[in-house]
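**Q** Predicted model and sequence below, questions to follow.
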2 protein chains.
Amino acid sequence: MTLDTAWPDLCDLLGDRVTRSKSELAAHGGSESYFPLSPPDAVAYPGSTDEVSRLVRICAAHGVPVIGWGAGTSLEGQAQAFEGGLVVDFARMNKVIEIGQADMDVRVQPGVTREVLNEELRATGLFFPVDPGANASVGGMASTRASGTTAVRYGTMRDNVLALEVVLADGRVIRTGSRARKSSAGYDLTALFVGAEGTLGLITELTLRLHGQPEATSAAICAFDKIGDAVRAVTETIQMGIPMARIEFVDAATVEVFNNYSGTTMPLVPHLMVEFHGSGASVAEDARNFGEIVADHEGHGFEWAETAEDRTALWTLRHHAHWAVLASRPGHRAVVTDICVPISRLAEAVEATQADLDAHGISGPILGHVGDGNFHAILLFDPEDAAALAKVKAASDRLVALSLSMGGTSTGEHGIGIGKKAFMPREHGEAWPVMGLIKRSLDPMNIFNPGKLAPDAH
Amino acid sequence: MTLDTAWPDLCDLLGDRVTRSKSELAAHGGSESYFPLSPPDAVAYPGSTDEVSRLVRICAAHGVPVIGWGAGTSLEGQAQAFEGGLVVDFARMNKVIEIGQADMDVRVQPGVTREVLNEELRATGLFFPVDPGANASVGGMASTRASGTTAVRYGTMRDNVLALEVVLADGRVIRTGSRARKSSAGYDLTALFVGAEGTLGLITELTLRLHGQPEATSAAICAFDKIGDAVRAVTETIQMGIPMARIEFVDAATVEVFNNYSGTTMPLVPHLMVEFHGSGASVAEDARNFGEIVADHEGHGFEWAETAEDRTALWTLRHHAHWAVLASRPGHRAVVTDICVPISRLAEAVEATQADLDAHGISGPILGHVGDGNFHAILLFDPEDAAALAKVKAASDRLVALSLSMGGTSTGEHGIGIGKKAFMPREHGEAWPVMGLIKRSLDPMNIFNPGKLAPDAH
């Protein structure tokens, strides 16, 4: 059974919205990360849930793997067809279906990107807060359980997906959750599909929680000579219940990259970048309280981004970190690692990582979502040097091992795909085969995104 | 296979901590709700995860149902052994194992109650916020995905359980989640066991999120002539991002009960009871802003609970509602229904419920967690009148049907047990048999809490 036998039925169903053209296959064969190109056998652009259901039935009948595709911004190879098959690109299922103003929720198709969604929400006074940096599709964000800079205040996709419509491996369409804010009615299937990376089903609709656009926003940056001081300042801020909307850490190496890339003149020491959302009075008070905590922990260079323009400049600096780091070494590529540890271990984890990278002569600026204990190291390598990728991957592996030894996780927000799969037995122990039981109960033929995240069938 | 054949092995394992004494069976045969007494065949008091694992292996080998028991406060019969078997009472596994001050988390055994936990946390400046009213065990609260008055600010058990240790049907012990604040590493097994009502495994340890005790707290009560106005005031408050810690609704019938039970002199109209947590300045500002919104929506009788004593009196009034309502009709019992609808439909749902109860001559005060769209009706019946229970159950069923027709759920926080199981096919449609697939993949012999929540095996 191959795509060839399924092809006539797929063409009957989708016409010219299923294609095997070289350029389409190439466009769906790579990712933003370091994995080799792996063009799928075909690409489909369904326009409705019903079409997704039908194409899944066809692929199931012919044993063709089915891989969901949002914006192609995942970092662990989640959307690449390493075992061949049909990539389902949700670009045509990109509508905002219904905004629930009073309920502060929105029903969307999976292909809408978070930036387009927020554009459509602008006039409502509401916004969708989850911000992984890339302009990802919300279906992809749900599938990787994405988060980003605002998770410390608004949560991750786990917290902001209320309900899903999902096409299962036999083509059945199910709805999980509801528009109610909470429920104790049965197993939490919504949470099961969020983060499943398309290995249990294809998400065809999402109901998302929205939040009120803050009346006032304030942002600031400050410097610390020691990472430990920065982390202690963050811990105290959280314990005091000061409601930070963002609290980001960048190390000295990242600051150097910022200065070179954006012409800033920040001192070459670790920094925190913070944002508060609330009323005019509350953000002023939050800022004052935070300033005092910073001073108590040897922070300095405290600077407010007072205007909207200053704030935009601050967060653009942060969001462009990935590209700024790449630009610092022309011709290089990067392995972007992502671990998350208990906050009490964060300073130690960052310092151990820096020491490890130094010892191995690897350039790897470190930055991350310090309020969650989540950080990234952007490990640069020269793709012309055959040994270089293996060297940085080994460093990334040591970093994951470090995280697990500290009671952390191998990935805070980038997911497993194929990049982190080798660590799953170590992270989950006896719970790893349990994930296999669930995979096989929902997708016994292993047609959804085979080889990713879940244990291999046996 | 019955308990008789398993008995010698259970006695070898647990000695006098497994019992068939009449009084123990009777003490574990009922609940706070209206279900008939159903004594189990035996009661075990394991002292460790290893003992739980061994007793599960013994029961599995002999086909004996295993039912977890926390504090016996669940409302839908979740902990009752309607099909016989061994009740596992976690009273001896009630330790706070480790408080993570810097990480704001705590590792506990399932038998600790929320009040004891908060007592142990008092000196740390941290607290565990989930408050279902009853002094439930945290294992039971996780198993029913409990929430309560503070969910609008701090979330439900879904949001506050970071990690679990669970004993599976074959005696295997797994750990789900980690102490990291977030993770994208695999299926969210923690979320799967939270709310599973002991049908997939027995929770033997929990890692819970803690929150900083607020620096300042303010509370207030206010009256509205129309329910719709009260709900609109709540909606606007949430949209403005005013961080309410609690926002509770009580209808006029509940107010009358309060007045009779506690000697208050509140006007007989719907009321909101609210609480704000934050800094001194922020709670004052929140209170001022909320007061303005209340005035905009025809609210009146706005009164601050300025002292800690006043606040305690306010919330004691609310927490004792269940007993106050029962006391209003000596000799009566109650079916406590629990639905959760999108907030936009809440006023309509409450009014339709009142009209339905009036039309059928049922006394049923209504109160609930209005910030979540979740409310309860305490439907009183005379246990001496054979037809009365059927009549209030029919009313409860109509209420669930109403909720589902509004895009809500059959239970916001009480769970399914056997009381709401008949509604699961209607609420979940094609997703209901999917829950059966998961149940059978993890508990193929159906030894965990048979007959509850999950679809019956076929």
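**A** Received the coordinates, thanks.

**Q** domain parsing for chain A?
**A** Each structural domain of chain A that the record assigns through automatic domain parsing is listed here as a residue range: A:3-91, A:94-212, A:216-322, A:329-426.

**Q** do the third one and chain B meet at all?
**A** Yes - where contact is defined by CB under 8 Å from any CB of the partner chain, part of domain A:216-322 touches chain B, namely A:235, A:238-241, A:243, A:277-279, A:281-282, A:285, A:289. Every C-beta, even on glycine, is put in place using the N, C-alpha and C of the backbone.

**Q** average pLDDT across that domain?
**A** Taken as a whole, domain A:216-322 has a mean pLDDT of 91.

**Q** Compare the domains of chain A and say which comes out lowest on pLDDT.
**A** Here the lowest mean pLDDT among those goes to domain A:216-322, at a mean of 91.

**Q** one step back: which of the residues of domain A:216-322 next to chain B fall in helices?
**A** A:235, A:238, A:239, A:281, A:282, A:285, A:289 (DSSP state H).

**Q** Show me the helices in the stretch 51-200 of chain A, by range?
**A** All helices of the stretch 51-200 of chain A, identified by DSSP state H, counting those that start in this stretch, fall at A:114-121, A:138-143, A:151-154, A:157-160, A:189-193.

**Q** now the residue in the stretch 1-150 of chain A that chain B sits nearest to: how far from residue B:156?
**A** Distance from chain B to each residue of the stretch 1-150 of chain A (CB to the nearest CB) is smallest for residue A:102, at 3.9 Å. Distance of residue A:102 to residue B:156, given as CB to CB, to the nearest Å: 21 Å.

**Q** what residues are up against the closest residue to residue A:90 other than its chain neighbours?
**A** Counting by CB to CB, 6 or more residues apart in numbering or on different chains, the nearest residue to residue A:90 once its immediate chain neighbours are dropped is residue A:111, at 3.5 Å. With contact taken as CB atoms under 8 Å, 6 or more residues apart in numbering or on different chains, residue A:111 is in contact with A:70, A:89, A:90, A:91, A:92, A:93, A:94, A:137, A:139.

**Q** if we go to 10 Å?
**A** Residue A:111 makes contact with A:45-46, A:69-71, A:89-95, A:137-140, A:204 under the criterion CB atoms under 10 Å, 6 or more residues apart in numbering or on different chains.

**Q** Now a PyMOL select for only the buried ones of the residues you listed.
**A** For the buried members of the contacts of residue A:111, the matching PyMOL selection, counting by 16 or more other CB atoms under 10 Å in any protein chain shown, is:
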select buried, chain A and resi 45+46+69+70+71+89+90+93+94+137+138+139+140+204
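
**Q** coming back round to it: any chance of the ones in helices among the residues of domain A:216-322 next to chain B in a markdown table, plus neighbour count?
**A** Written out in a markdown table, the entries for these read as follows (neighbours: other CB atoms under 10 Å in any protein chain shown):
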| residue | neighbour count |
| --- | --- |
| A:235 | 23 |
| A:238 | 22 |
| A:239 | 19 |
| A:281 | 17 |
| A:282 | 27 |
| A:285 | 20 |
| A:289 | 20 |
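
**Q** so which two of these are the farthest from each other?
**A** The widest separation within these, taken as CB to CB, falls between A:235 and A:281 and amounts to 25.4 Å.

**Q** rewinding a little: could you look over the helices of the stretch 51-200 of chain A and pick the most buried one?
**A** For these, ranked by mean neighbour count under the definition mean count of other CB atoms under 10 Å in any protein chain shown, the leader is helix A:138-143 at a mean of 30.

**Q** Skipping its backbone neighbours, what lies nearest the residue of the stretch 1-150 of chain A closest to chain B in space?
**A** On the basis of CB to CB, 6+ apart, the spatially nearest residue to residue A:102 that is not a chain neighbour turns out to be residue B:344, at 3.9 Å.

**Q** Alpha carbons of the helix or strand where residue A:229 lies, as CSV, please.
**A** Following DSSP states H and E, one finds residue A:229 within helix A:227-239. Coordinates of the C-alpha atoms in helix A:227-239 are reproduced here as CSV (Å, rounded to 0.1, in the frame of the first residue of the first chain):
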residue,chain,number,x,y,z
ILE,A,227,22.6,35.1,37.2
GLY,A,228,21.7,33.9,40.7
ASP,A,229,20.7,37.3,41.7
ALA,A,230,18.5,37.7,38.7
VAL,A,231,16.7,34.4,39.4
ARG,A,232,16.3,35.2,43.1
ALA,A,233,14.7,38.6,42.1
VAL,A,234,12.3,36.7,39.8
THR,A,235,11.4,34.1,42.5
GLU,A,236,10.7,36.9,45.0
THR,A,237,8.6,38.8,42.5
ILE,A,238,6.4,35.7,41.8
GLN,A,239,6.1,34.8,45.5
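
**Q** any idea which helix or strand comes after it?
**A** Under the assignment DSSP H and E, the closest C-terminal helix or strand after helix A:227-239 is strand A:244-250.

**Q** That next one pairs with which strands?
**A** Note on strand A:244-250: by DSSP bridges, its sheet partners are strand A:271-278 (antiparallel), strand A:366-369 (antiparallel).

**Q** any chance of these in TSV, with distance to residue B:192 and mean neighbour count too?
**A** As requested, those are exported to TSV (distance: least, CB to CB, whole Å; neighbours: other CB atoms under 10 Å in any protein chain shown):
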stretch	distance to residue B:192	mean neighbour count
strand A:271-278	32	25
strand A:366-369	25	25
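
**Q** could those be laid out in CSV, adding distance to residue B:106?
**A** Formatted as CSV, the entries for these read as follows, by distance: least, CB to CB, whole Å:
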stretch, distance to residue B:106
strand A:271-278, 27
strand A:366-369, 23
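
**Q** what about those strands, which gets the closest to residue B:396?
**A** Set against residue B:396 and scored by CB to CB, the strands paired with strand A:244-250 come closest in strand A:271-278, at 40.7 Å.

**Q** quick one: the closest one to helix A:227-239, angle?
**A** 10 degrees (axes from the mean of the first three to the mean of the last three CA atoms, to 10 degrees).

**Q** Residue A:5 reaches residue A:61, doesn't it?
**A** Yes - applying CB atoms under 10 Å as the test, residue A:5 and residue A:61 come out as touching, 8.8 Å apart.

**Q** before we move on, the earlier item: the residue of the stretch 1-150 of chain A closest to chain B: what's it in contact with?
**A** The neighbours of residue A:102, taking CB under 10 Å, 6+ apart as the test, are B:231, B:232, B:235, B:236, B:238, B:239, B:342, B:343, B:344, B:345, B:346.
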